[in-house]
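[1] Sequence and computational prediction follow.
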Amino acid sequence: MHKRTTLRGVAAAVVTLGLGFTGLHAAAADSGPLKIGLILPMTGQQASTGRQIDAAVKLYMAQNNPTIGGRKVEVIVKDDAGTPDTTRRLAQELVVNEKVVALAGFGITPSAMATAPIATQSKTPMVVMAAATSAITEASPFVVRTSFTLPQAAVSIAEWANKNKIKKVVTLVSDYAPGIDAEKYFADRIVLNGGTVVDKLRTPLRAPDFAPVLQKVRDAAPEALYVFLPSGQGAAFMKQFAERGLDKAGIRLIGTGDITDDDQLNDMGDVALGVVTSHHYAANHKSPANQKFVEAFKKANNNMRPNFMGVGGYDGIRVIVEGLKASKGEGGEALLAAMKGQVFESPRGQVLIDGQTRDIVQDIYIRKVERVGGELHNVEFDVQKAVKDPGKSK
Ligand code: DHB
């Protein structure tokens, strides 16, 4: 017993000294807790994403208290402040020092992209719970995603706009990878269906100022403005949209559901009423599973409403834990294989982890912001079933 422990210690030390990741899994302890490294932006501009996912993972763990072959499952939360270099360093430390069986979290695309090579080299499954650029799942064969993709959401709202006789649009996106996806897939579909995009505007990911672009929107006078901004920026945008009188100028606001984020929606005020978006999750989604989830989430979190990030976290930890049950606590390829093909009922509806792409297949809803029981909600009124990421079809 003592001798085995010593040998393992030596193996681990060899790995830490820089001989690469080979032998890492052999070195992992086969007793003690099964550790999952959860890297989130708990501070900084994306802190609401971290707060939501952390709360959802804690809720799942409290509800299920998983043990696998007598070993407890333990989640180690690390704050990367949404800085990709930090995400990567924390991932490396979690793999080498903590011997985590899985990495999870990833609030923004650059953080996920920076970590993908670590997942590949160490053969550690990496569950993306938030970031949503289509290409992330192609950055490593060890990436599994439980959030969504911008092409999934963007195509559905473009179809809705075309069906509702919206012909002339301006797009406004955050100027980084998911924004580029959101712009391209929306614009291509609008044009395919006979509409026109008269201007394509972008704002920086960090500290965006919406005033200059909103002036351009006003001047272009489109029938609708289509917007993608990352979770947490919607409220500031809505405020500016109203202050500049665009809501009164007859310009319809549409977008992916990130702009009517349930984390902030109730504080956005009347400007948000009537905004139509497409997304995979609304706290107002009508199903017994979701009602149960929302109630438990609010109860555990001082009445905070879960948003799509929270659901990505709740489903992501579930996929890992169910995978570990099937792999009998083994990480690496065995855990990866056990995550592929999982089908289950999420608070958002039925989902599938596509065995080929490792991306999530899910229903995309068209929703309109309405007042429900004195609160602002995304009310679903149409659905496209079982949508695969359109970014993978080429
Ligand atoms: C990403 C981040 C978000 O907050 C969001 O709502 C969608 C995508 C991202 O960086 O991939």
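    The structure has been received and is ready for your questions.
[2] helix/strand/coil for the spatially most central residue of the chain?
    In the chain, the centroid-proximal residue (Cα atoms, centre = their mean) is residue 130; its distance is 2.0 Å. Per DSSP: H, G, I helix; E, B strand; the rest coil, the local secondary structure of residue 130 is coil.
[3] And for residue 245?
    Applying three-state DSSP: residue 245 is coil.
[4] Let me see the contact set for the closest residue to the residue nearest to the centre of the chain other than its chain neighbours.
    Distances taken as Cβ to Cβ, 6 or more residues apart in numbering put residue 107 closest to residue 130, at 4.8 Å, once the chain neighbours are dropped. C-beta here means a position set from N, CA and C on the backbone, and glycine is covered the same way. Counting by Cβ atoms under 8 Å, 6 or more residues apart in numbering, residue 107 touches 40-41, 46, 49-50, 53, 80, 82, 130-131, 309.
[5] Show me what the helix or strand residue 385 falls within is in contact with.
    Residue 385 is located in strand 375-387, with elements delineated by DSSP states H and E. Strand 375-387 has contacts (Cβ under 8 Å, 6+ apart) with 152, 156, 159-160, 257, 260, 262, 265-266, 268, 272-273, 277, 279, 282-286, 350, 352, 361-372.
[6] hang on, the earlier thing: correct me if wrong: the residue nearest to the centre of the chain contacts residue 109.
    No - judged on Cβ atoms under 8 Å, residue 130 makes no contact with residue 109 at a distance of 9.1 Å.
[7] what ranges of the stretch 201-350 of the chain fall below the confidence cut-off?
    Along the stretch 201-350 of the chain, no part satisfies pLDDT under 70.
[8] Do a quick rundown of the helices in it.
    With helices called from DSSP state H, counting those that start in this stretch, the stretch 201-350 of the chain shows them at 211-220, 234-243, 288-300, 308-326, 332-339.
[9] Flag every buried residue along the last one.
    So the one you mean is helix 332-339. Buried residues in helix 332-339, counted by 16 or more other Cβ atoms under 10 Å: 332, 334-336, 338-339.
[10] Kindly report the same for the fourth one.
    Applying a neighbour-count criterion of 16+ other Cβ under 10 Å, the buried positions in helix 308-326 are 308-324, 326.
[11] Please name the nearest non-neighbouring residue to residue 45.
    That would be residue 82: by Cβ to Cβ, 6+ apart, it lies 6.1 Å from residue 45.
[12] That neighbour touches residue 44, doesn't it?
    Yes - between residue 82 and residue 44 a contact is recorded at 4.7 Å, counting by Cβ under 8 Å.
[13] Please say which of these two ends up with more neighbours.
    residue 82 (25 against 18; other Cβ atoms under 10 Å).
[14] Does that one lie in a helix or a strand, and which?
    Using DSSP H and E, residue 82 is not contained in any helix or strand.
[15] backbone phi and psi for it, please?
    The phi/psi pair for residue 82 (degrees, to the nearest 10) reads phi 70, psi 20.
[16] and what of residue 369?
    Taking degrees, to the nearest 10 as the convention, residue 369 sits at phi -70, psi 120.
[17] Across the sheet, point out what pairs with it.
    residue 378 (DSSP bridges).
[18] tell me the contacts of it?
    So residue 369 contacts 260, 265, 272-275, 277, 376-379 (Cβ under 8 Å, 6+ apart).
[19] thinking again about what came up before, the strand holding residue 385: which residues count as buried?
    Neighbour counts over strand 375-387 (16+ other Cβ under 10 Å) mark 376-380, 384, 387 as buried.
[20] got TSV for the buried residues of helix 332-339, with distance to the ligand too?
    Shown next, in TSV, are the buried residues of helix 332-339 (distance: Cβ to the nearest ligand atom, whole Å):
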residue	distance to the ligand
332	26
334	28
335	24
336	22
338	25
339	20
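[21] Please identify which pair of these lies farthest apart.
    Largest separation among the buried residues of helix 332-339 by Cβ to Cβ: 332 and 339, giving 11.6 Å.
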